[in-house]
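S.K.: starting from these lines, generate the structure:
(2 chains)
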2 protein chains.
Amino acid sequence: MEKKNCLILALDVTDRENALRIANEVSEYVDSIKVGYPLVLGEGLGIVKELAELAPVIADFKVADIPNTDRLICEHVFNAGADAIITHGFTGRDSLDSCVKVAEEYDRDVYVVTEMSHPGGVEFFRPVAETIAQMAADAGATGVVAPATRPERVRDIRKIIGDDLHIISPGVGAQGGSAADVINAGADWVIVGRSIYNSNSPADAAMKICNEMKC
Amino acid sequence: MEKKNCLILALDVTDRENALRIANEVSEYVDSIKVGYPLVLGEGLGIVKELAELAPVIADFKVADIPNTDRLICEHVFNAGADAIITHGFTGRDSLDSCVKVAEEYDRDVYVVTEMSHPGGVEFFRPVAETIAQMAADAGATGVVAPATRPERVRDIRKIIGDDLHIISPGVGAQGGSAADVINAGADWVIVGRSIYNSNSPADAAMKICNEMKC
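M.R.: I've put the predicted structure just below:
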């Protein structure tokens, strides 16, 4: 994905009409739009194709299955027009390799979750986040997902993966993370949801975050 | 789910016509049909409703997100008619609680992955499988998913969760696990995919496994 505004919209709304309206309003301020299963299960994978006409789409499916199932999920997602997929790493190197291989075939991106931004995200991830980050680098992933709610962890993970991999970072805004802090800590993109899509003016909210980051 | 044959079909085909044909042929031999994202992404959640008319459906979505997203995924799945959902535990207690809460509201089942049956499934799961199994019991899940390819692990996990929780166990047949061995080790159901759906006669293949287990 091309870096212009360092901002990714987490489009965590559940209906097509709202999704397309908000995506339309903010597309000039965001480098990508991240969608998850709640929207896709409700509206079908066709919503990915529609959104991809407005901005590159990251399918945040947190893929976490055996290699063959992961492969099939990635193929569906890329065939639907997504630019990137988010996968877990805790299912092991073979599962991750399977996603990276499909992404290479389609010339798309893979981001690997190293640690999550919710409270339970520390319980099992914390002890293995560095190992997963290193595995992502070894496997040839595009980048990793690390929590904006804990900028010190973004800094730790940047040290491990070096400058070749990208860091995308959720948890800014409603979850408490500061966009400027997490960019300073080494993230390439912040991922913002509620603060934008729940705003009366999603475009103004997105623009404000862009100005705050001075990316 | 009611225990009659101790057999769950992993319906890992990717098109509706095949899925319904096979489900029809084997429905009298299986206690449930497990479907994953590849089928649902291709055919939409409506396939769950169609299959649920033939047998109870387990949505093997290996849910692995933050609590709010997990809640939305579970609501979609249960509204579509699934009887149960498979979730990861790796994302922490709050994420699991979110799935269990929705399942209780809908009077449906939640199974938690403790360890996976593919080679990479040992890398990060092995050190925490027991902790996840205990967490599943504490959270009030219906049961856990443990690998038939490693019956000794099924035995370990049965000791932790006691007799109140169910164990469903994938990896029988094409992946090498023996149905009888894993039932003897303490599993309640074996999950079989390719050996049944790739057979010339899925019904005969399913019946043979039932006879082998003498459940």
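
S.K.: is chain B contacted by stretch A:17-32?
M.R.: No. Figure legend: stretch A:17-32 not in contact with chain B (C-beta under 8 Å from any C-beta of the partner chain); closest approach 13.6 Å. For glycine as for every other residue, the C-beta is placed from the backbone atoms N, C-alpha and C.

S.K.: buried sites along that stretch?
M.R.: Neighbour counts over stretch A:17-32 (16 or more other C-beta atoms under 10 Å in any protein chain shown) mark A:19-20, A:22-23, A:25-27, A:29-32 as buried.

S.K.: okay, helices next: where are they in chain A?
M.R.: A:16-26, A:37-43, A:46-52, A:67-79, A:93-106, A:129-139, A:151-161, A:179-184, A:194-197, A:202-213 (DSSP state H).

S.K.: now mean pLDDT and distance to B:Gly193 too, for those, in CSV please.
M.R.: Compiled in CSV, those are given as follows (pLDDT from 0 to 100; distance: least, C-beta to C-beta, whole Å):
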stretch, mean pLDDT, distance to B:Gly193
helix A:16-26, 97, 33
helix A:37-43, 97, 22
helix A:46-52, 98, 27
helix A:67-79, 97, 10
helix A:93-106, 98, 17
helix A:129-139, 97, 26
helix A:151-161, 94, 36
helix A:179-184, 92, 42
helix A:194-197, 94, 39
helix A:202-213, 94, 44
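
S.K.: as JSON lines, these with distance to B:Arg155 would be great.
M.R.: Shown next, in JSON lines, are the helices of chain A (distance: least, C-beta to C-beta, whole Å):
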{"stretch": "helix A:16-26", "distance to B:Arg155": "47"}
{"stretch": "helix A:37-43", "distance to B:Arg155": "34"}
{"stretch": "helix A:46-52", "distance to B:Arg155": "43"}
{"stretch": "helix A:67-79", "distance to B:Arg155": "26"}
{"stretch": "helix A:93-106", "distance to B:Arg155": "25"}
{"stretch": "helix A:129-139", "distance to B:Arg155": "28"}
{"stretch": "helix A:151-161", "distance to B:Arg155": "37"}
{"stretch": "helix A:179-184", "distance to B:Arg155": "45"}
{"stretch": "helix A:194-197", "distance to B:Arg155": "45"}
{"stretch": "helix A:202-213", "distance to B:Arg155": "52"}
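
S.K.: and of those helices, who's closest to B:Val145?
M.R.: Comparison of those against B:Val145 by C-beta to C-beta identifies helix A:67-79 as nearest, at 13.6 Å.

S.K.: that closest one to helix A:93-106, inter-axis angle?
M.R.: Following axes from the mean of the first three to the mean of the last three C-alpha atoms, to 10 degrees, one obtains 30 degrees for the angle between helix A:67-79 and helix A:93-106.

S.K.: can you confirm whether helix A:67-79 lies near chain B?
M.R.: Yes. Using C-beta under 8 Å from any C-beta, helix A:67-79 comes into contact with chain B via A:67-69, A:72-73, A:76-77.

S.K.: of those, just the buried ones, ChimeraX syntax please.
M.R.: Typed into ChimeraX, the line below selects the buried ones among those, using 16+ other C-beta under 10 Å:
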select /A:67,69,72,73,76,77
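
S.K.: in a markdown table, list the residues of helix A:67-79 next to chain B along with distance to A:Arg126.
M.R.: Listed next are the residues of helix A:67-79 next to chain B as a markdown table, based on distance: C-beta to C-beta, whole Å:
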| residue | distance to A:Arg126 |
| --- | --- |
| A:Pro67 | 26 |
| A:Asn68 | 30 |
| A:Thr69 | 27 |
| A:Leu72 | 31 |
| A:Ile73 | 26 |
| A:His76 | 32 |
| A:Val77 | 28 |
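
S.K.: quick one: which of the residues of helix A:67-79 next to chain B is nearest to A:Asp107?
M.R.: A:Val77 (13.7 Å).

S.K.: what sits against that closest one?
M.R.: Residues in contact with A:Val77 (C-beta atoms under 8 Å, 6 or more residues apart in numbering or on different chains) are A:45, A:48, A:59, A:61, A:85, B:41.

S.K.: same thing but 6 Å
M.R.: A:59, A:85 (C-beta atoms under 6 Å, 6 or more residues apart in numbering or on different chains).

S.K.: any idea how far the closest residue in space to A:Arg155 that isn't next to it in sequence is from chain B?
M.R.: Nearest non-adjacent residue to A:Arg155, counting by C-beta to C-beta, 6 or more residues apart in numbering or on different chains: A:Ala185, 4.7 Å away. For A:Ala185, the distance to chain B (C-beta to the nearest C-beta, to the nearest Å) stands at 21 Å.

S.K.: noted, bye for now.
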